[in-house]
Every structure is written in structure tokens, then in C-alpha cells.
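> need a 3D model of the sequence below.
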Amino acid sequence: MEQDVKDIGARIGGSWLLRGAVFALLGLATWALCHVTPPPISLAEPGVVLDLPESVAGLRGKAEPPRPEEKFGLPADTQFAKRVYSGSAAETLTAQIVLSGADRRSIHRPEACLRGQGWTIQNGGLVPIRLSDGKQMDVMKLIIDRPIESPDGGKRILRSLYLYWFVSKTLTTPLHRERLARTYLDLLLHNRSHRWAYIIVSAPVLRGFVTGGKDEAETLDLLKRFIAEAAPQFQRVESPAADTQKVAL
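So this is what the prediction gives:
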């Protein structure tokens, strides 16, 4: 009997020791999780103000909402600013800012959207622009075509020039891959997510469509003059710190 009591006591004691060890391990694991888990990702300030100027390069802009196909599939916190500018029937262009929120899916490769809207991309390349504030900035130019119906019921090919670039608080870039590299680098090193803005300035090539319509070179010159004057009015890009220098790609 005495031995049985000792055995029961030993088992009870062992059980309490096991429970104590389990609670101690749980406490240690909780402490480690709290100290290892990174703090919530901080959302950087945007590098733009969501307000396009009313008048640029002799053109007047009328504010318009984005079309349904421009908003399709984008997160609910995506913000837009859009104006259609014109000086005459021969001078018209569209400028748009797409600003991401917490969800980074707001910004993506523009080529995918253009093809989905019926455009055929012919070619592209970088265009350097000297802004009115003296800064130099590169934008991406795409030459895009789409068939349209003419007044006589036939089909004609409309060509447009589509210029775009991306803006964060510390960087402008025309390269989608550089935007992605900067995004992941800052998430890794600084636990910070950029609020990227995607800027689009586009115009149709109207030579042969309207009286006095510009050819491709003249249309590009119009877009460059517009960007040179307009971009410093809505961009608020700060000089990057030493640890956020431009990514070499």
C-alpha cells in the first residue's frame, strides 16, 4: 500500500512537472514570436498629389472619371485623377494618375491593359524629358494601333502615342522591373511599402483624320512639352537617402 501511494505521488509529481515544462515552452514560444514577427508594414507617402493642372502648354483640361475598363480588376482603394486636354480639334491628349493604396495590385504592366482594350503594341523605347524645374526624367513610349470605323463605314487604323512612368516618394522610373525591385528591396530592408503612382500621358496621331492634325513626331513633341510643364506641378519626389539609392538593373 505504501508503495502504491509513492507510485501515485510520483506520477502526480511527474505530471505537474510535465505541465510546467509545457507551459514554460509555450511562454518561451510566445515571447519569441512577439520579438521575431516584424512590425506591421508601414505605407510610405505618395510621390504625387492627386490633382492634375487645369491648363498646361496652351491646352485646357476637363476632369473625367476613369472608364470602367480602366478600373476593372483594381483594388477598391485605388485612386484616380484624369483630364482630357484640348486646344483645338487637332490638339488633344489625355493625362491620368493611378495611385495605389495598401494593395500593390493597383499598379501593373500597362502592356497587358492595352492589349485587353484592343490596342496592338508596335514598339517602344525610352524618351528623355527635361522638366520645367530643370530635372531630367525618362518616360517609356509605346506606339499603339487600333482599328476604328470611318464615316463611310470602312476601317482605318488609328495610331496613338502612349507615354508612362512610375512615381514613388523617392523615385521616378519608366521601368516596371525597377519598380518591382525597389518595392521588394524596401519591404525587405525597411518593412516599408511604397504607394506607387502610375502616370499616363497619351495622344492620337491625327494627321489624315482632322484638318491640321499632327504627325507622329509632332504628337510626340506635344506630349513632351506637356509632361515638361505638368509633371513638376503634381510630383513631390524627394531625394533618396543613402540606403535607398536607385536600384541598378
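> please make it C-alpha for all contacts and neighbour counts, starting now.
Noted.
> this structure: strands as residue ranges?
Listed in chain order, the strands of the chain (DSSP state E) span residues 42-43, 55-56, 59-63, 79-88, 91-99, 120-130, 136-149, 155-167, 172-173, 192-193, 197-204.
> number of nearby residues for residue 124?
Residues contacting residue 124 under the criterion other Cα atoms under 10 Å number 14.
> can the strands of the chain go into JSON lines with extra columns for distance to residue 238 and mean pLDDT?
Formatted as JSON lines, the entries for the strands of the chain read as follows, by distance: least, Cα to Cα, whole Å; pLDDT from 0 to 100:
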{"stretch": "strand 42-43", "distance to residue 238": "16", "mean pLDDT": "63"}
{"stretch": "strand 55-56", "distance to residue 238": "23", "mean pLDDT": "95"}
{"stretch": "strand 59-63", "distance to residue 238": "27", "mean pLDDT": "96"}
{"stretch": "strand 79-88", "distance to residue 238": "21", "mean pLDDT": "94"}
{"stretch": "strand 91-99", "distance to residue 238": "17", "mean pLDDT": "95"}
{"stretch": "strand 120-130", "distance to residue 238": "17", "mean pLDDT": "95"}
{"stretch": "strand 136-149", "distance to residue 238": "14", "mean pLDDT": "95"}
{"stretch": "strand 155-167", "distance to residue 238": "11", "mean pLDDT": "96"}
{"stretch": "strand 172-173", "distance to residue 238": "10", "mean pLDDT": "94"}
{"stretch": "strand 192-193", "distance to residue 238": "16", "mean pLDDT": "70"}
{"stretch": "strand 197-204", "distance to residue 238": "14", "mean pLDDT": "96"}
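> just put the ones you listed in TSV and tack on distance to residue 210.
Listed next are the strands of the chain as TSV, based on distance: least, Cα to Cα, whole Å:
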stretch	distance to residue 210
strand 42-43	46
strand 55-56	22
strand 59-63	18
strand 79-88	10
strand 91-99	10
strand 120-130	22
strand 136-149	14
strand 155-167	12
strand 172-173	34
strand 192-193	46
strand 197-204	11
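> ok, which of those strands comes nearest residue 226?
Of all those, the one in closest proximity to residue 226, counting by Cα to Cα, is strand 55-56 (6.2 Å).
> this completes my enquiry, with thanks.
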